[in-house]
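K.L.:
sharing a sequence plus its predicted fold:
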Amino acid sequence: MIEGLYVFFANGQLLIQRNYRSMTDKNDLKLYVSKYIKTKRFYEHPIVEINNVFFLNVSINEIVITVLTKNNANICLIFNFIYKFIEILKYFFDDEISRINIVNNFVLIYDICDEIIDYGYPQMLEISVLKNCLQSKVKYYSRTSQYFHKLSNEFKCGNSLIEDIIHDTNLENKNENLHKKYYNFNDKGHNSNSDKKINDIKKMNSYELSEKNKLKNIGKEALNRIKNKIINNITKQPNSFNYLTGTCTWRTNNIYHKKNEIIIDILEVLNVTINNNNLIYAHIDGKIVLKCFLSGMPICELSTHNKSNMLNNKNIASINDEKKRINESIYGANNILEDKKNMTIDNCIFHHCVNSSKYNDHKIITFTPPDGDFELMRYTVTKNIQIPFHILAVYNPVFQYSKPIDKNYPMKKSKSRNLYDYKNTNKFEYNVTIRSNYSGPMNATDVVIKIPIYKFSENVHVVFKSIGKTEYNNVENVITWKIGKFPGLCEHTIRIYLTLENQNQIYSNMNNTQKVDGQSKVVLHVNTIKNMNTVKFLNTYKMPITLNFKIPMFTSSGMFIRYLKVYEKSNYKIIKWIKYLTEAGAYQYK
């Protein structure tokens, strides 16, 4: 599938080259570098074809990672491999992928390329397994402080090997004797300069050495001790290749944690478009992220709420009020059990640790989790979505009252009324009301509402707001309304005053035509707009209002965890945490 892997600098310099099947033609490679790398055209062309050879590239920090393929390969799979390769490099380089790190650690990168790809096919992309495989290579990278420090901290010792040797009492006594002999402590005639040197040396031995000075001050004997201890630790640990070719390549069987816990995060991004209170588009991108710190080789069973395993209507009716209250407090008070509509997942993707056959048969996610953070599942939902916010935005005219007019009525001669004459002005009032639809105990945080104002308006100011803070950007003609905490089942209002130009000036600024929403093909002529009322025109063609928010312990799709079971030989106690979060993506009201 993958013919070769190349790493370029932004100026076209080749840093890493690894061919897996056949050698790449030098002319094709030179043409690719001169035409796309040096000219910075790789940003516009992630896929390039030269003489039936496809170059797929991803750039990060002026580093271009390119993969070559000649056959009809899965492009999405190759890009997924490239991004996973970037994650591996970030782990070993402490999130700093630069030209210097790549040049100083080129041997490490070649070893990584040999481990993750076999004859052009990706094999092993788990960082935890690669970390164990590359422990034996530590002697080749002793000059690299970042990698050496990372591996030394991960050995299963009480303290770091280097720290143990630095603070060894025998070495400190030897160093003191050497310093005494060198500076002649018994000699009474030593000068003040020698005293300063002695004090500096004592301070140097007492303070905790920094990472850069550790290897400079511990001497050759300490380095030999480090080498022997590293070799002993490597020989005591099991061979990593025993599980590289086994059924569970993403986890070792010698993992131990004092505190066994598992944390489940359900994150959903809600994309909504509403026009005139009609739902036009609704889409949810969700994912389930796990943080597992479990000992041994556990087997987990996780059941979610979807159409296949949803409780039927009879079971829903038989649930008592106490159980509903408990479920509401645990699952974010979505009223899932009260809602008879089933949650339907349109599409889902699982981590490769999941047993897909059991999910297809019983709709239960069974897996042996990797140690640490990983993404268990990614899903999309387009039906039965609960909209957390509704907005009502209306333009109203502001009338100006004139002097009272006396009018006599012949039927009632003794009485007279004072009526006020009013005239229309160019002043308008923009009322925006937002209402939350989720239950009362929950609160939305970091709510930001961007209200665009008509571009030909003047004297824009906020006269009333029920909550939060407002800012007006006169360049973009947008009022930003920020609400730190928005409770459930409540509404808030903002009132904006603005002044429009004369209608003739508005029509002259429209350049004879105007497109609706910037994307529609409908074109309105000025003659038809002139016949419309100004208020009707503002309410019909107002710009969309956008929302950004976060709602903890709430899911718009109704996704929740029914149960999580963990099976392990030792039957240890497990602490389980579940957290829900819904965020706004492209959330628009027109």
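P.N.:
Sure, I can see it.
K.L.:
need the three-state assignment for residue 101.
P.N.:
For residue 101, the reduced secondary structure class is helix; criterion used: DSSP: H, G, I helix; E, B strand; the rest coil.
K.L.:
isn't it right up against residue 93?
P.N.:
Yes - between residue 101 and residue 93 a contact is recorded at 4.7 Å, counting by Cβ atoms under 8 Å. (C-beta placed from N, C-alpha, C; glycine too.)
K.L.:
element containing the closest residue to residue 51 other than its chain neighbours, please.
P.N.:
Once flanking residues are discounted, residue 51 sits nearest to residue 28: 5.5 Å by Cβ to Cβ, 6 or more residues apart in numbering. Using DSSP states H and E, the secondary-structure element containing residue 28 is helix 26-32.
K.L.:
the helix or strand just after that helix: partners in the sheet, and parallel or antiparallel?
P.N.:
With elements assigned by DSSP H and E, the helix or strand that comes after helix 26-32 is strand 47-50. Partners of strand 47-50 in the sheet, by DSSP bridges, are strand 53-60 (antiparallel).
K.L.:
would you mark the buried spots in the strand it pairs with?
P.N.:
53-59 (16 or more other Cβ atoms under 10 Å).
K.L.:
so which of these is the closest to residue 271?
P.N.:
residue 58 (25.2 Å; Cβ to Cβ).
K.L.:
quick check: angle from the helix or strand that contains residue 80 to strand 53-60?
P.N.:
Element membership for residue 80 (DSSP H and E) is helix 75-92. Following axes from the mean of the first three to the mean of the last three Cα atoms, to 10 degrees, one obtains 40 degrees for the angle between helix 75-92 and strand 53-60.
K.L.:
check which helices and strands helix 75-92 sits against.
P.N.:
Secondary-structure packing of helix 75-92 (3 or more Cβ pairs under 8 Å, 6 or more residues apart in numbering; DSSP states H and E): strand 53-60, strand 63-69, helix 106-116, strand 121-122, helix 127-133, helix 145-153.
K.L.:
return the most buried member of these.
P.N.:
When those are scored by mean count of other Cβ atoms under 10 Å, the highest mean neighbour count falls to strand 63-69 (a mean of 22).
K.L.:
pull up the pairing partners for that one, direction included.
P.N.:
Sheet partners assigned to strand 63-69 using DSSP bridges are listed as strand 4-9 (antiparallel), strand 53-60 (antiparallel).
K.L.:
contacts for the last one?
P.N.:
The contact list for strand 53-60, computed with Cβ atoms under 8 Å, 6 or more residues apart in numbering, reads 3, 10, 24-25, 28, 32, 36, 42-43, 46-49, 64-70, 73, 75, 78-79, 82-83, 86, 97.
K.L.:
buried members of those into ChimeraX, please.
P.N.:
The buried subset of the contacts of strand 53-60, as determined by 16+ other Cβ under 10 Å, is captured in ChimeraX by this line:
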select :3,24,32,36,42,48,64,65,66,67,68,69,70,73,78,79,82,86,97
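K.L.:
any weak-confidence spans in the protein?
P.N.:
Confidence mapping of the chain against pLDDT under 70 gives the ranges 135-247, 306-342, 399-425, 501-533.
K.L.:
what comes into contact with stretch 583-590?
P.N.:
Residues outside stretch 583-590 that contact it (Cβ under 8 Å, 6+ apart): 267-276, 285, 389, 391, 393, 517, 542, 544-551.
K.L.:
same check, this time on stretch 269-283
P.N.:
284-286, 380-382, 385, 387-388, 390-392, 556, 582-590.
K.L.:
what about 6 Å?
P.N.:
With contact meaning Cβ atoms under 6 Å, 6 or more residues apart in numbering, stretch 269-283 is reached by 284-285, 382, 385, 556, 582-590.
K.L.:
closest one of these to residue 575?
P.N.:
Among those, residue 582 lies closest to residue 575 (Cβ to Cβ), at 24.8 Å.
K.L.:
among the contacts of stretch 583-590, which are in strands?
P.N.:
Residues of those located in strands (DSSP state E): 267-275, 285, 389, 391, 393, 545-551.
K.L.:
one step back: the helix holding residue 80 to helix 106-116, inter-axis angle?
P.N.:
For helix 75-92 against helix 106-116, the angle by the same axes, to 10 degrees is 140 degrees.
K.L.:
between the two ends of stretch 426-446, what distance do you get?
P.N.:
Terminal residues of stretch 426-446 lie 35 Å apart, using Cα to Cα, to the nearest Å.
K.L.:
can you point out the buried residues in that stretch?
P.N.:
Within stretch 426-446, the residues that qualify as buried by neighbour count (16+ other Cβ under 10 Å) are 426, 428, 430, 432, 434, 436, 438, 442-444.
K.L.:
returning to what we had before: hmm, who's touching the helix holding residue 80?
P.N.:
When contacts are defined by Cβ under 6 Å, 6+ apart, helix 75-92 is touched by residues 56, 58, 65, 67, 97, 122, 125, 127, 147.
K.L.:
about what we covered before: can you say which of the ones in strands among the contacts of stretch 583-590 are buried?
P.N.:
Among these, those buried by neighbour count (16+ other Cβ under 10 Å) are 267-274, 389, 391, 393, 545-547, 549, 551.
K.L.:
in which helix or strand would I find residue 496?
P.N.:
Following DSSP H and E, one finds residue 496 within strand 491-500.
K.L.:
what's that strand packed up against?
P.N.:
Packed against strand 491-500, as judged by 3 or more Cβ pairs under 6 Å, 6 or more residues apart in numbering; DSSP states H and E, are the following elements: strand 412-436, strand 457-465.
K.L.:
the shortest one: what's the following helix or strand?
P.N.:
Scanning the chain past strand 457-465 towards its C-terminal end, the next helix or strand to appear is strand 469-473 (assignment: DSSP H and E).
K.L.:
just the CA atoms of that following strand, as CSV, please.
P.N.:
Once non-C-alpha atoms are left out, strand 469-473 reads as follows in CSV (Å, rounded to 0.1, in the frame of the first residue of the first chain):
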residue,chain,number,x,y,z
LYS,A,469,-22.3,41.6,29.1
THR,A,470,-22.4,43.1,25.6
GLU,A,471,-19.8,44.4,23.2
TYR,A,472,-20.3,46.1,19.9
ASN,A,473,-17.9,45.8,17.0
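K.L.:
now for that strand, which elements pack on it?
P.N.:
strand 478-487.
K.L.:
quick check: angle from the strand it packs on to strand 457-465?
P.N.:
Here strand 478-487 runs at 10 degrees with respect to strand 457-465, directions being taken by the same axes, to 10 degrees.
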